[in-house]
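Colleague: mind folding the following:
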Amino acid sequence: MADWSLTPSKIHLNHGSYGSVPRAAQAKQLSLKAHMDQNPCPWFMGQFELVATARTEIAEFLNVKPQDTALVHNASAGVSTVYNSLSFEPGAEIVTTSHAYGAVLQGAERVARRNRGRVRIADIPLDANAETACALVMGEVTGKTALIVVDQITSATARAFPVEAIARAASGLGVPVLVDAAHAPGVLEFPVPDFEGFWVGNLHKFACAPRGTAALVARGPAAAAMEPLIDSWGFPYDFPENFDHVGTQDVTAWMAARTAFDTIEERYGWATFRNYASELCDYGQTLIGGAFADATGEDPSIKVGMPVGPLRLVRLPKGLATTHEDSHAVRAFISDRLDMETAITTFDGEGFLRLSAHLYNSPKDYETFAERAVPELVRLARSR
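Modeller: Next up, the predicted model:
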C-alpha cells in the first residue's frame, strides 16, 4: 500500500470504478498546480503546448499515434464529442447493445430524438462468445444505421466484446464504429484496435492516472469532423490540435498521467499487474462464490462469454440489486456498515457483485469479504 494513499481501514475492491492514483502522480499534479498558481498568465497562455506534450505521452502509453489522439475529461465526454461532431441524417439509427453504459445509451437516445431516428439495441446474452456477439450486433444493422456503439469491456457485466470483428464487419458496410473503452487502458497491452473509427478510454481507472484523464482516438476520414464540446481558440486548427486549447480549465491531471504510468512500470511492471490482478480475481470469485453457495444453497456462478483479467462477476442472492437504484443502496450498505468498497451492478433483472483487483489488493481482502460481507448480504436478502 506504500504507493497509494487509500484509507487503510477500508477494504478497496472497486478499482474498476474510480481507480486509485499513485502517490508519485498525486505529488506531480500538486507541483504542477502550484506552478500554475504562482503565475497563472504565462501558464494558461502556453498551456496548449503542455497539453500537446501530455497528449503525446498518453498516446505512447496507448500505442497509438499522437496525431490520432485528443485528450478529454472522461470516456463519456469522448462519446459525447463523437455524437455531437458527426452528422446524422433524419431517421438515422444508432446500434448498441444491452450491455451499454447508461450515460452512453442516454446520449445515443438524445441523438436519435434530435434526428427523429431510433436506437436499436442488440440483446447480447451474458454467456455469448465472440462470434455470437458479433453476429447479434451486426444483425441490428440496417440501411439506416449511421453509427455502431459497442463496449470493449462492459461496466455492468465485466465482459469483453469482439470490437475488431465488429469494426471489420461494419467497415464492409460503410458504417462507422465507436468503441467505448472506459475500462481498457492498463487492462489490455494494446487497448486501441487497428481500425478506422472512434475509440474513447479512461486513463483514471486501471491505468491509475489522476481522475479527469481520458483519450479520444479517431482514425479515417471522419476524424476531421471531430470538434471539442466547448468552442475555444483552437477553432482554426484541425483534429487533434483543436482539442489542445482548453482555456482556463485545470488539466494538470493530463500532465501528471505519465508519472502514474511510469510508476506502475518501474515499480511492478504492467505485465506483472495484469497477471497478478487476473489470478487474484479468479481466487476472489471462487472464494466469495463458494461462500454464497454455502450460505444460500444457490449457485452464484455465472458463465461470462468473454471474461476480462482484473474484473469478475459473482451473482448476488435473489432479491438484491434487481434495479439500478437498489444496486446503489446495496453498495452503500456494504460501504457504510462493513467498511468495504465494492461495485454492485444490475443486468437483466439480476444483481451482481463486480470484483476488481489491482496491485494494492491481496488475497486477504477477498477472504475478509467472504467472511464478513457474505453473511450480511444473505441476511439482507432474506429480510426483504
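
Colleague: Three-state assignment for residue 317, please.
Modeller: What DSSP: H, G, I helix; E, B strand; the rest coil gives for residue 317 is coil.

Colleague: quick check: it vs residue 96, distance?
Modeller: 30 Å (C-beta to C-beta, to the nearest Å). In short, each C-beta sits where N, CA and C put it, glycine included.

Colleague: cool, and residue 318?
Modeller: Residue 318 is 29 Å from residue 96, by C-beta to C-beta.

Colleague: okay, those two: which has more neighbours?
Modeller: residue 96 (24 against 13; other C-beta atoms under 10 Å).

Colleague: does that one sit in a helix, a strand or a coil?
Modeller: strand.

Colleague: quick check: beta-bridge partners of the closest residue to it other than its chain neighbours?
Modeller: The shortest distance from residue 96 to any residue other than its chain neighbours is 4.3 Å, reached at residue 149 (C-beta to C-beta, 6 or more residues apart in numbering). Under DSSP bridges, the beta-bridge partners of residue 149 are residue 178.

Colleague: ok, residue 149 touching residue 79?
Modeller: Yes. Judged on C-beta atoms under 8 Å, residue 149 makes contact with residue 79 at a distance of 7.5 Å.

Colleague: so what's in contact with those two at the same time?
Modeller: The contact sets of residue 149 and residue 79 overlap at 104, 178, 180 (C-beta atoms under 8 Å, 6 or more residues apart in numbering).

Colleague: go ahead and confirm the second one touches residue 80.
Modeller: So that's residue 178. No. Contact criterion C-beta under 8 Å: residue 178 and residue 80 do not qualify, at 10.8 Å.

Colleague: more neighbours: which of these two?
Modeller: residue 178 (26 against 19).

Colleague: how is this protein divided into domains?
Modeller: 23-264, 269-382 (automatic domain parsing).

Colleague: right, and the ones you listed - which one's nearest residue 6?
Modeller: For the domains of the chain, proximity to residue 6 was assessed by C-beta to C-beta; domain 269-382 is nearest, at 6.6 Å.

Colleague: starting at the chain centroid, how far to the closest one?
Modeller: 18 Å (C-alpha atoms, centre = their mean, to the nearest Å).

Colleague: what about it, start to end distance?
Modeller: Start-to-end span of domain 269-382 (C-alpha to C-alpha, to the nearest Å) is 44 Å.

Colleague: kindly report the same for stretch 138-148.
Modeller: With C-alpha to C-alpha, one end of stretch 138-148 sits 9 Å from the other.

Colleague: what are the buried residues along it?
Modeller: 138, 140-141, 145-148 (16 or more other C-beta atoms under 10 Å).

Colleague: so which of these belong to helices?
Modeller: Among the buried residues of stretch 138-148, the residues falling in helices (DSSP state H) are residue 138.

Colleague: could you dump the buried residues of stretch 138-148 to CSV with pLDDT and distance to residue 354?
Modeller: Formatted as CSV, the buried residues of stretch 138-148 follow (pLDDT from 0 to 100; distance: C-beta to C-beta, whole Å):
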residue, pLDDT, distance to residue 354
138, 98, 28
140, 98, 26
141, 98, 30
145, 98, 31
146, 98, 32
147, 98, 27
148, 98, 25
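
Colleague: that's a helix at residue 28, yeah?
Modeller: Yes. Residue 28 forms part of a helix when assessed by three-state DSSP.

Colleague: can I assume it is in contact with residue 256?
Modeller: Yes. Between residue 28 and residue 256 there is a contact at 4.2 Å, judged by C-beta under 8 Å.

Colleague: quick one: the helices in the stretch 151-300 of the chain?
Modeller: 163-171, 252-267, 270-296 (DSSP state H, counting those that start in this stretch).

Colleague: packing partners of the first one?
Modeller: With contacts defined as 3 or more C-beta pairs under 8 Å, 6 or more residues apart in numbering; DSSP states H and E, helix 163-171 has these neighbours: helix 130-138, strand 145-151, strand 177-180.

Colleague: which helices and strands does the second one pack with?
Modeller: This means strand 145-151. Counting by 3+ C-beta pairs under 8 Å, 6+ apart, strand 145-151 packs on strand 93-97, helix 163-171, strand 177-180.

Colleague: so which of these is the most surrounded?
Modeller: strand 177-180 (a mean of 27; mean count of other C-beta atoms under 10 Å).

Colleague: could you dump that strand to CSV, C-alpha only?
Modeller: The C-alpha trace of strand 177-180 is given here as CSV (Å, rounded to 0.1, in the frame of the first residue of the first chain):
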residue,chain,number,x,y,z
VAL,A,177,-17.9,2.3,-35.2
LEU,A,178,-17.5,4.0,-31.8
VAL,A,179,-15.7,1.8,-29.2
ASP,A,180,-16.5,2.7,-25.5
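
Colleague: can you add distance to residue 19 and give the helices and strands packed on helix 163-171 back as CSV?
Modeller: As requested, the helices and strands packed on helix 163-171 are arranged in CSV below (distance: least, C-beta to C-beta, whole Å):
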stretch, distance to residue 19
helix 130-138, 27
strand 145-151, 18
strand 177-180, 17
